[in-house]
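Undergrad: Sequence and predicted structure are below.
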Protein chains: 2
Amino acid sequence: MERMNLGKLSSAVDAAAGHSPVYETVVNFTRELGTTVTLARWERADCCDSMVESGGIGWVLSGTVRKSVILESGQRRIVDLMMRGDFFSLQGDDPRAFSFEVSTDEAVTARIAHRDLISMPILQPELYRFVHERTCETISRLENHILVQGRTRSAQKIASYLSLLCARLSEEQGAAVELPMSRYDIADHVGLAVETVSRAITDLRRRGLIELETPRSMAICQAQKLLADLT
Amino acid sequence: MERMNLGKLSSAVDAAAGHSPVYETVVNFTRELGTTVTLARWERADCCDSMVESGGIGWVLSGTVRKSVILESGQRRIVDLMMRGDFFSLQGDDPRAFSFEVSTDEAVTARIAHRDLISMPILQPELYRFVHERTCETISRLENHILVQGRTRSAQKIASYLSLLCARLSEEQGAAVELPMSRYDIADHVGLAVETVSRAITDLRRRGLIELETPRSMAICQAQKLLADLT
DNA sequence: CGCCAGTTTGACAGCCATCAATGGGGGTGG
DNA sequence: CCACCCCCATTGATGGCTGTCAAACTGGCG
C-alpha cells in the first residue's frame, strides 16, 4: 500500500479510462474534501483491511475492490464488488469480519475516517449530502445483486449478472469489456459452482448472445435477448 | 392509508411490543424531526407506493413492510423486508419500479421528503447524522441477505434466514416469534420454490432445531447448531 | 356447508454440485 | 531457451437436490 496526496490524484484518475459523468462528480468530491480524505494506491491481491480500522466511509477511484468473507465451512463469499465511483461503508466493529481485496493490477481508494464524518454535516454540509447520495447508490447496487442471486436457473443468474456488470463497466452498448474477476470470483459472488459458471457462459456464447475474445474479454451481442430469452 | 401526527405516535409505538434500545433512538429521532416528518398508518396488504413519490428516505415504526418487484416472467421477488426501526431509501425515478406492501395487520411508517432531506445537514446536522447511520445499517441488512441467498443448499438458506429473522424480531434467545411472512413470501425472498421452503422447515423441525406452534409461530431451539450443523 | 388461501406431502424429471481430467497461459528456475 | 509448475478455464460423468406438477389437509370466513 502506498499513501497518496491529492496532487497525485490526476494520474490515478486518468488511468480510469472512459470517464462517466457520475465518476467526475466523485473525483470533484474527492478534491474538495482537502485534508479530510485519505488516499491509497494498492496492487493486485493486496488486502485493504487497514482501511476499515478508522471506520467511516470509503470509495474506489480506479481499479476494482471486492468485499468478501470466509464462512465457517471454508467457503468464500464475495458480498460486493466495488468499481470506480462506488462507495462502501467501513465498520471496524462489524462482527461479520469482512475483508477487502484488490482484484485488478492496481487500485486507488479514498476514505473518510469516522471522526471526520461526524463533523462533516456542520463543516461541509454540501459534501455530506453527496456522501448520503452515494450511500443510497450503494443500496441500489446491493439490491440489484439480490435480484441477480434470486434467479432460480444458473443461466439466468449469469446472464443478468453479466448484463449488470457490463452496464457498470461501459456506457456504450455492445462494446467489449474486460471482466474484473475470474470465474471463481463470479461463482463465489452469485452463489454457483465454478463449473456451472463456466458451462453457463459457454452456453450463452454458443447461442450467440455474448462473444468472448479471451475468457476475460467479453462483449454482449444481444442485450435485450440476453435477459428476456431465459424465462 | 391514514395520515398521522406526532401526537398519535405514542399509541403506534406502544403497539410495537418489546422495545429495543436501537428502536428507542429511532422513535426519539422521529419526534425530534417535528413537522419535517410525515407519518402514515397502513393496513394489511396496503400498497405504500405513494411514499416513494416525494423521494427521500423512509422507515418503519411498527409492523412489517416488504419491498418487491415483479419480473418480466411474472415472478415476484422480495428484495427487502423492513421491520420496526429499519430504514429504506425512496427513489421515485428508480427504473426498477419497486413496490412496497404491508404484510402485517397494521404498519406505521415515517418519511422525510427529498426536499427536506436536502436542507437537513444545515438545519439539523445531528439528525442528519442519524439518517446516515441508519442508512449504513440498511446496507448491513442487505449484505446479510446476500450471504443468505448465496448459500447453496436449501436447508442452509432457510436455517440462516430464520436465524437472522428471529434475531431481528426478538432479543431473547429461544423465544417464540410470529413470522411476519407466509411460506410464499419466504420463497420469493430467498429464491426457492414454496414446496422447498416447506420441506426445509419440516426437516429442521424433525431434527429438533426449531419448534412450530403454528406454521407462523416459530421458536429456535438450538441456535448455534442450527447454523453450524449444516455444512 | 362450501370456498379459499396457505401449508404440507408425494412423485418425478431436470438441473446443479461434485469429482475427475484435460488444456492453455504466465511465471520461475534450471 | 526450455521444462516445470500453478492457476485458470473448460468439458465429461454422475448422484443428489430442487423445481414442477399434483393432491390432500388445515383453518378462517361468509
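TA: Ah, there it is. What you see is a predicted model, and the numbers here were worked out from it, not measured in a lab. Numbers count the residues shown, from 1 in each chain, chains lettered A, B, ... in the order given.
Undergrad: mind giving me the domain split of chain A?
TA: If you go by automatic domain parsing, the domain ranges for chain A are A:2-138, A:151-228.
Undergrad: so which of those comes closest to B:V22?
TA: If you check each of these against B:V22 by Cβ to Cβ, domain A:2-138 wins as the nearest, at 14.4 Å. The way it works is simple: take the backbone N, C-alpha and C, and place the C-beta from them, glycine included.
Undergrad: Rounded mean pLDDT for the closest one, please.
TA: Mean pLDDT, computed over domain A:2-138, is 91.
Undergrad: For it, measure first residue to last.
TA: 26 Å (Cα to Cα, to the nearest Å).
Undergrad: what are the ranges of the strands in chain A?
TA: Along chain A, the stretches classed as strands by DSSP state E are A:2-4, A:37-43, A:56-62, A:64-70, A:76-83, A:87-90, A:99-102, A:106-112, A:177-178, A:210-214, A:217-220.
Undergrad: mind putting the ones you listed in CSV, distance to B:S119 and mean neighbour count included?
TA: Below are the strands of chain A laid out as CSV (distance: least, Cβ to Cβ, whole Å; neighbours: other Cβ atoms under 10 Å in any protein chain shown):
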stretch, distance to B:S119, mean neighbour count
strand A:2-4, 34, 13
strand A:37-43, 25, 19
strand A:56-62, 22, 23
strand A:64-70, 33, 20
strand A:76-83, 30, 20
strand A:87-90, 22, 23
strand A:99-102, 34, 20
strand A:106-112, 22, 23
strand A:177-178, 40, 16
strand A:210-214, 47, 14
strand A:217-220, 42, 18
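Undergrad: looking at it, A:T36 is touching A:R115, isn't it?
TA: No: using Cβ atoms under 8 Å, A:T36 makes no contact with A:R115, being 10.1 Å away.
Undergrad: From DNA strand C, how far off is the residue nearest to A:I118 when sequence neighbours are not counted?
TA: In this structure, A:I118 finds its nearest non-sequential neighbour in B:R129, 6.9 Å apart by Cβ to Cβ, 6 or more residues apart in numbering or on different chains. Separation of B:R129 from DNA strand C (Cβ to the nearest atom of the strand, to the nearest Å) stands at 40 Å.
Undergrad: Between the strands of chain A, which one is closest to B:L90.
TA: strand A:87-90 (18.7 Å).
Undergrad: Give me the contact list for the closest one.
TA: Here strand A:87-90 makes contact (Cβ atoms under 8 Å, 6 or more residues apart in numbering or on different chains) with A:51-52, A:54-60, A:65, A:67, A:80, A:82, A:111, A:114, A:131, A:134-135, A:137-138, B:136, B:139-140.
Undergrad: Run the chain-centre distance for that strand.
TA: Centroid displacement of strand A:87-90 relative to its chain, using Cα atoms, centre = their mean, to the nearest Å, is 11 Å.
Undergrad: Tell me the strands beside that strand, with direction?
TA: Using DSSP bridges, strand A:87-90 pairs in its sheet with strand A:56-62 (antiparallel).
Undergrad: Take the strand it pairs with, keep the C-alpha atoms, and write them as CSV.
TA: This file holds the C-alpha atoms of strand A:56-62, laid out as CSV (Å, rounded to 0.1, in the frame of the first residue of the first chain):
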residue,chain,number,x,y,z
GLY,A,56,-16.3,5.9,8.3
ILE,A,57,-16.8,5.5,4.6
GLY,A,58,-14.6,4.6,1.6
TRP,A,59,-14.8,4.6,-2.2
VAL,A,60,-12.9,3.5,-5.3
LEU,A,61,-11.2,5.9,-7.7
SER,A,62,-9.7,3.3,-10.0
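Undergrad: follow-up on the earlier one: the residue nearest to A:I118: neighbour count?
TA: 19 (other Cβ atoms under 10 Å in any protein chain shown).
Undergrad: ok, now A:K8?
TA: 14.
Undergrad: Now do the residue nearest the centre of chain A against A:A159, distance only.
TA: Geometric centre of chain A, nearest residue: A:M82, 1.7 Å, by Cα atoms, centre = their mean. Distance, A:M82 to A:A159, by Cβ to Cβ, to the nearest Å: 22 Å.
Undergrad: likewise A:S170?
TA: 17 Å.
Undergrad: More neighbours: those two, which one.
TA: A:A159 (26 against 18).
Undergrad: My guess is the more buried one contacts A:A228. True?
TA: No: contact criterion Cβ under 8 Å: A:A159 and A:A228 do not qualify, at 9.7 Å.
Undergrad: ok, the nearest residue to A:D105 once chain neighbours are set aside - how many residues close by?
TA: Ranked by Cβ to Cβ, 6+ apart and with sequence neighbours excluded, the top spatial neighbour of A:D105 is A:R44, at 5.1 Å. Neighbour count of A:R44, defined by other Cβ under 10 Å: 12.
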